[in-house]
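J.: Give the three-dimensional model of this entry:
(2 chains)
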Number of protein chains: 2
Amino acid sequence: MNPQLDELKTRLRDIASLHNAAALLNWDQLTGMPPGGAEARGFQQAVLARIATEKSVDPALGRLIDDLLPYAESLPPDSDDACLIRAAKRDFDKSQHVPPEFVARAYEQIARSYQAWAEARPNNDYAKVLPELERNLELSREYSAFFPGADHVADPLIDDADAGMKAADIQRVFAALRAELVPIVRAITSQPPADDACLKQHFPADAQLAFGKKVAAAIGYDFNRGRMDLSPHPFTTRFSIGDVRITTRVREDDLGDSLFSIIHEAGHAMYEQGVSTALEGLPLASGTSSGVHESQSRTWENLVGRSLPFWQHFYPDLKAAFPGLFDAVPLETFYRAINKVEPSLIRTDADEVTYNLHVMIRFDLELALLEGKLALRDLPEAWNERYRSDLGITPPDNRSGCMQDVHWFGGFVGGAFQGYTLGNILSAQFMEKALQAHPEIPDEMAAGKFSTLHGWLVENIYTHGRKFEPTELVRRVTGSDIQIAPYIRYLKNKYGAIYSL
Amino acid sequence: MNPQLDELKTRLRDIASLHNAAALLNWDQLTGMPPGGAEARGFQQAVLARIATEKSVDPALGRLIDDLLPYAESLPPDSDDACLIRAAKRDFDKSQHVPPEFVARAYEQIARSYQAWAEARPNNDYAKVLPELERNLELSREYSAFFPGADHVADPLIDDADAGMKAADIQRVFAALRAELVPIVRAITSQPPADDACLKQHFPADAQLAFGKKVAAAIGYDFNRGRMDLSPHPFTTRFSIGDVRITTRVREDDLGDSLFSIIHEAGHAMYEQGVSTALEGLPLASGTSSGVHESQSRTWENLVGRSLPFWQHFYPDLKAAFPGLFDAVPLETFYRAINKVEPSLIRTDADEVTYNLHVMIRFDLELALLEGKLALRDLPEAWNERYRSDLGITPPDNRSGCMQDVHWFGGFVGGAFQGYTLGNILSAQFMEKALQAHPEIPDEMAAGKFSTLHGWLVENIYTHGRKFEPTELVRRVTGSDIQIAPYIRYLKNKYGAIYSL
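T.: Below is the predicted model:
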């Protein structure tokens, strides 16, 4: 063994342990912490983050990594250790651009802004949160300026979530996607809407959660290495490869809300559970990017969980779980209901076809804000105008408009939205490859077997964790860069059959 | 403000935040962590402990404290800041005696020993765990040797839990207590045993937990700053003054097991919840010693929770919570049942009179082990012999004998048991003072009002946290050192009435 490599791993494991502990503090806060714990919890999280940052920017760590670079060159380039040293180098170099003083200041400002948003949103009070949003935008520009070589002010922010992607690349991909999507949406919405009344009956919470758990376990989420809890907004979090947790919420008048969010989060969690245990405790032991992560949640939620074969298997179970409620509902009706396409106001409730239009609106607006072409005071009107032009509907208030998403208010402006649509695109691109290798997957799904697909995803994507940057991973898996064609083929096939396009 | 004091507080809050995060990792592990998380969790806990230790022994911290000592002298001696600086000095000096290498080694050995005990205990396999126990004893002696001025090898271990107490003091107190206890136990056990059949019916778990929560809230445990979960062994843990959690277990065939453990843990938790918020995040923000902590769990469990006035109020509620089960049970019978005195094998199940005999056996044996007068291979026989002579019963196996408690197997040998009996003694000593100040307390309890007692305890004990060492706190509250007379008076009054002694 290389003693310097051992020291590197010890240092990186220390940093990861602090992040993992902070993740547990956050999970606990969102799932069960008594209200009295909030103030001290925020303080403790800030302390853990600061200590982790101190360790991440320690010049001794940088020297150690530089000393190890020749050793990394001597290893097989795909080996765990070579990938680790390279990733450590990238992470360290990035950390050197950002002064710790800025990290602490940004942490504080974002916590304040989040609080202001949480209070202002129910009252549609954009004016109240505007000064905080101004500061967040300023912080985002300041952060970007730490990376002076960037082509676009958004690039450093995008790079944090989807390494290697640039605003210009994404604009190109999104423009091509949009050109294909708009006619599909128009063709679908010119027909009578699907009847989804069967999803809007009364579904007891306990039965919903039990059915959701059964489905999550069936597709491959391992409850021995995870658990499911309730929280206001569903999320996935990891403390180790052996402990990846999901949350959901339940609306008793809407079957889809909890069920598809459970499958979505299970998809994220299966990615994290599938990372090679050889990477445990190291910074490589998690998903490689926002887009690739979202590709997996969307694969399981949409390509699997809203597919006809899936429900050929699960529909009898669903009927048994909710006695009487689906007696008069043919599978075909149910399938059309869960795939209803309809322009709507809220991104997180949107169907898989219009969803990307929501994302593009946000992406375009945040670029305009960062470029200074749009003033924040004009954001509500710009937002509403885009909803009118792109989706044909006008938000009645800011709560259903530009204040609906936490991202800009609880983080930087920029870098947080593109991953959702990159994920949709990649989900189909990966699935085509999986189907080429295993054409039996749809038949297996109809028989309740998901292990072939799951195994292929583990082997080709999950096991690598962060060993490869997203662009490299996509190339390794698909042989090409990100491509929209498979996603368009998927949508046309699926919705062509449902709507006779 | 004094900028050095600010820096001291920042450093101490960092260390406390690491400990508090580690406490949450531990709570989660014991209440809900999926099995797959165990290995990484142990690693993360070790990392947090090591980073906390590194910060605790940092010479810069020591210099800062020394620089602040003159400032502390200039402050009112009871002020928060003066107490903080003095406590920081004591903690730092203590930490300097113990090499970090030893801390890491001890942590690892104790984790291994705990695991061996957990596996060996169900099989009564003392031989299997003996080598680990030998190492724990050796570690305990090694730890003690870091404090060369000690009068007794156990003193440094005792000092960690009950600062300022020495083996010789405790032996003196215990001998005096024993001389009084033995005749009381003999007098009680010469009479027909109380009938506790009413406690051994079938009590549905949900109803037990609901009733336990109701009682805990009524006596003053604040669920807005805490919560109750299930765990194999009940415990209390704190992450801040605003987040102090308890756990319990439930046996459906034994009402007392869960109910009195809830009240016991609520007592511990009310102590932690009652610390002055001015001390939040600092190392003063928790109970001052093992003995004083146990005095509060025992106050609420026994002096309150097993008192006649308490049940004059709660017995109708209990009857309503378990319909039919107590219809034919007069209050007097129930009261005698929950105060049944009977020599038994298991410390944690023992009644409040014989409990101290269990503790003294362990305390005497651990002193003999540390002194080298008793060899570990002879421990099972020495244990059984003491149970025969002191309690008149012989453990049928090691699981009910010397392997029953985790303490020696999951920690140092020495320092962990004396607090239980010191707590019993102090509970009565404090309560006499409370009753002198507020003779109305028993009548209030009979009316379901606990705020006068709770308020007195907060004002005189809880609010101070660790500001005062236990001996000083006892003097401040009672005007004297620890005294057994109040405890003996309490036992004679209570059991004299029940058993007509």
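J.: A:Ala150 against A:Ser144, yeah?
T.: Yes - taking contacts as C-beta atoms under 8 Å, A:Ala150 lies within contact range of A:Ser144: 6.4 Å. Where you see a C-beta, it was placed from the backbone N, CA and C, and this is true even at glycine.
J.: Please, which helix or strand holds the nearest residue to A:Gln273 once chain neighbours are set aside?
T.: Among residues not flanking A:Gln273 along the chain, A:Val244 sits closest, at 5.0 Å (C-beta to C-beta, 6 or more residues apart in numbering or on different chains). Following DSSP states H and E, one finds A:Val244 within strand A:243-248.
J.: do the same with A:Ser95
T.: Here A:Ser95 sits within helix A:80-97, counting by DSSP H and E.
J.: ok, now which ones touch the closest residue to chain B within the stretch 301-450 of chain A?
T.: Nearest to chain B in the stretch 301-450 of chain A, going by C-beta to the nearest C-beta, is A:Phe450, at a distance of 19.7 Å. Taking C-beta atoms under 8 Å, 6 or more residues apart in numbering or on different chains as the criterion, A:Phe450 is in contact with A:218-220, A:304, A:444.
J.: If we only consider these, which is nearest to A:Ile262?
T.: Nearest to A:Ile262 out of the contacts of A:Phe450 is A:Ile219 (C-beta to C-beta; 10.1 Å).
J.: what pLDDT does the residue nearest to that closest one when sequence neighbours are not counted get?
T.: Using C-beta to C-beta, 6+ apart and skipping the chain neighbours, the partner closest in space to A:Ile219 is A:Phe450 (4.7 Å). Listed pLDDT for A:Phe450 reads 98.
J.: Helix or strand: which one has the most centrally placed residue in chain A?
T.: Residue closest to the average C-alpha location in chain A (C-alpha atoms, centre = their mean): A:Glu294, at 4.1 Å. Element membership for A:Glu294 (DSSP H and E) is helix A:290-298.
J.: CA atoms only for that helix, dumped as PDB, please.
T.: Taking C-alpha atoms only, helix A:290-298 is exported to PDB below (Å, rounded to 0.1, in the frame of the first residue of the first chain):
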ATOM      1  CA  SER A 290     -27.700  16.000 -10.700                       C
ATOM      2  CA  GLY A 291     -28.700  15.000 -14.200                       C
ATOM      3  CA  VAL A 292     -27.600  11.300 -13.900                       C
ATOM      4  CA  HIS A 293     -29.200  11.100 -10.500                       C
ATOM      5  CA  GLU A 294     -32.500  12.500 -11.900                       C
ATOM      6  CA  SER A 295     -32.200  10.000 -14.800                       C
ATOM      7  CA  GLN A 296     -32.500   7.200 -12.300                       C
ATOM      8  CA  SER A 297     -35.400   8.600 -10.300                       C
ATOM      9  CA  ARG A 298     -37.200   9.300 -13.600                       C
END
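J.: picking up where we left off before, how about the contacts made by the residue nearest to A:Gln273?
T.: The neighbourhood of A:Val244, defined by C-beta under 8 Å, 6+ apart, consists of A:225-226, A:236-238, A:269, A:272-273.
J.: Make CSV out of those residues and add pLDDT.
T.: Shown next, in CSV, are those (pLDDT from 0 to 100):
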residue, pLDDT
A:Arg225, 98
A:Gly226, 98
A:Thr236, 98
A:Thr237, 98
A:Arg238, 97
A:Ala269, 98
A:Glu272, 98
A:Gln273, 98
